[in-house]
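Engineer: got a predicted model here, sequence first, then my questions.
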Amino acid sequence: MSLEVWLAFCLMDTVLCLTPGPAVLFVVSVALARGLRPGMAAAFGILATNALYFALSATGIAAVIVASATLFGVLKAVGAAYLVWIGLRMLLARGNGHESSDPRADHRAFLRGIIVQGSNPKALIFFVALVPQFIDPAGPVVPQVAILGVSGVVIELVVLSLYVALAVRARRLAGARFARPLERVGGACLLAAGARLALAHR
């Protein structure tokens, strides 16, 4: 893999990561509602799934899933329903909006991040349709996938961390008085993400 190809991949991945999708909206929603630690836990859940996607792209399993209209539809339905469910919980919750220090809250945010990204078929399409374009078939595939995988995870970590930092900053500027309305905003974002995912086509 040449330096030019790697830089092109990094540029493309950065642009795509900056574009708000279900993963970004979920992380921002958690950070708005719960604070820094749960927001970063949600981000690491997204990243863990992306690392798995890179591995699947090397084996061809991801391509099989995307090629199946049934599997694609099931993933889309599950992902959309889960986003809507979390969004409704945030809209209807009666919490005080304080930042959580409970490790169980971080664990839940991490697992939810895995589920949100794992049930997003558009994320699979990215790995199946775009990643192979940056791999030289004449060279060893596994090391190239590893390089792209590490680069992609690092880029998304930086981008999601920036989104979390902005959400936490907005939360602190708003103060405790607006903590509950901010949680409702986060819930509305997830409802919008669920609706957007439900309308996605293969």
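Structural biologist: All right, it came through fine.

Engineer: now do the helices in the chain.
Structural biologist: With DSSP state H, the ranges of helices along the chain come out as 3-18, 22-34, 36-59, 61-67, 69-92, 103-118, 121-129, 141-174, 179-198.

Engineer: quick one: closest of these to Ile135.
Structural biologist: Of all the helices of the chain, it is helix 141-174 that lies closest to Ile135, at 4.8 Å by CB to CB. All C-beta spots, glycine's among them, are computed from the backbone N, C-alpha and C.

Engineer: what's the average pLDDT for the closest one?
Structural biologist: Over the span of helix 141-174, the pLDDT mean works out to 89.

Engineer: same thing with stretch 46-63?
Structural biologist: The model assigns stretch 46-63 a mean pLDDT of 78.

Engineer: then stretch 28-36?
Structural biologist: Stretch 28-36 carries an average pLDDT of 85.

Engineer: now what about that stretch, what contacts it?
Structural biologist: Stretch 28-36 has contacts (CB atoms under 8 Å, 6 or more residues apart in numbering) with 20, 38-39, 41-42, 86-87, 90, 97-100, 105, 109, 112, 163-164, 166-168, 170-171, 182-183, 185-187, 189-190.

Engineer: hang on, the earlier thing: most tightly packed of the helices of the chain?
Structural biologist: Highest mean neighbour count of these: helix 22-34, a mean of 27 (counted as mean count of other CB atoms under 10 Å).

Engineer: next, the angle from it to helix 103-118.
Structural biologist: 160 degrees (axes from the mean of the first three to the mean of the last three CA atoms, to 10 degrees).

Engineer: tell me what angle helix 22-34 forms with helix 3-18.
Structural biologist: 50 degrees.

Engineer: measure the residue sitting furthest away from the middle of the chain to Ile147 for me?
Structural biologist: Distance from the centre of the chain peaks at Ala138, with 31.9 Å (CA atoms, centre = their mean). Ala138 sits 16 Å away from Ile147, going by CB to CB, to the nearest Å.
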